[in-house]
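In: Here is the input, now give the coordinates:
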Amino acid sequence: MSPLQTVKFWMVGHMDLAKDALHVYVALAMFLGSATLFKWRLSDRRPWLTVLLAAIAGEIWDLRDSVVYGTPIHLWANWHDIWNTLFWPSVIVLLARAKVLKV
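Out: Predicted structure coming up:
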């Protein structure tokens, strides 16, 4: 098992989180963290793109691990993870652009 998978399984097991919830928490932390760190507005595409790139990189790593360790590849599950990861950052960007969020 790769170091990434080890960390993911540890977090899911020790934080009493579902894997989907872990994606949501990491996405929100990256989205809000990158916006804060780089002083980007929440309506800016850059925090969202940061999450997108991280989600794609994570899924590529998962696919690589599947090939290396001979586990089945389920592309629908990879797509589900990307969609799930981007859902709340997308909602926040849309609300910020519509000026529903005053940020």
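In: Can you check the pLDDT for residue 74?
Out: What the model reports for residue 74 is a pLDDT of 95.
In: residues near residue 5, how many?
Out: When counting by other CB atoms under 10 Å, one arrives at 14 neighbours for residue 5. Heads up, the C-betas are built off the backbone N, CA and C, glycines and all.
In: for it, phi and psi?
Out: Per-residue torsions, residue 5: phi -60, psi -40 (degrees, to the nearest 10).
In: so what's the residue nearest to it when sequence neighbours are not counted up against?
Out: In space, not counting the residues next to it along the chain, residue 5 is nearest to residue 65; the distance is 5.8 Å by CB to CB, 6 or more residues apart in numbering. Contacts here follow CB atoms under 8 Å, 6 or more residues apart in numbering; on that basis residue 65 touches 1-2, 4-5, 71.
In: Quick check: closest non-adjacent residue to residue 69.
Out: residue 1 (7.0 Å).
In: Any figure for the gap between the one you found and residue 27?
Out: Look at residue 1 and residue 27: by CB to CB, to the nearest Å, they are 23 Å apart.
In: Pick out whichever of these two has more residues nearby.
Out: residue 27 (23 against 11).
In: Which helix or which strand is home to that one?
Out: When secondary structure is defined by DSSP states H and E, residue 27 falls within helix 19-37.
In: do the same with residue 66
Out: With elements taken from DSSP H and E, the one containing residue 66 is helix 45-69.
In: Show me which positions of that helix end up buried.
Out: Within helix 45-69, the residues that count as buried by 16 or more other CB atoms under 10 Å are 47-48, 50-52, 54-55, 58-59, 62, 65.
In: cool, and stretch 85-102?
Out: 85-86, 88-90, 92-93, 96.
In: pLDDT of it, averaged?
Out: The average pLDDT within stretch 85-102 is 95.
In: what does that stretch rub up against?
Out: Stretch 85-102 is contacted from outside by 23-24, 26-28, 31, 41-43, 45, 47-48, 51-52, 54-55, 58, 103, using CB under 8 Å, 6+ apart.
In: next one: stretch 34-54
Out: Contact with stretch 34-54 is made by 26-27, 30-32, 82, 85-86, 89-90, 92-93, 96-97, 101, 103, as judged by CB under 8 Å, 6+ apart.
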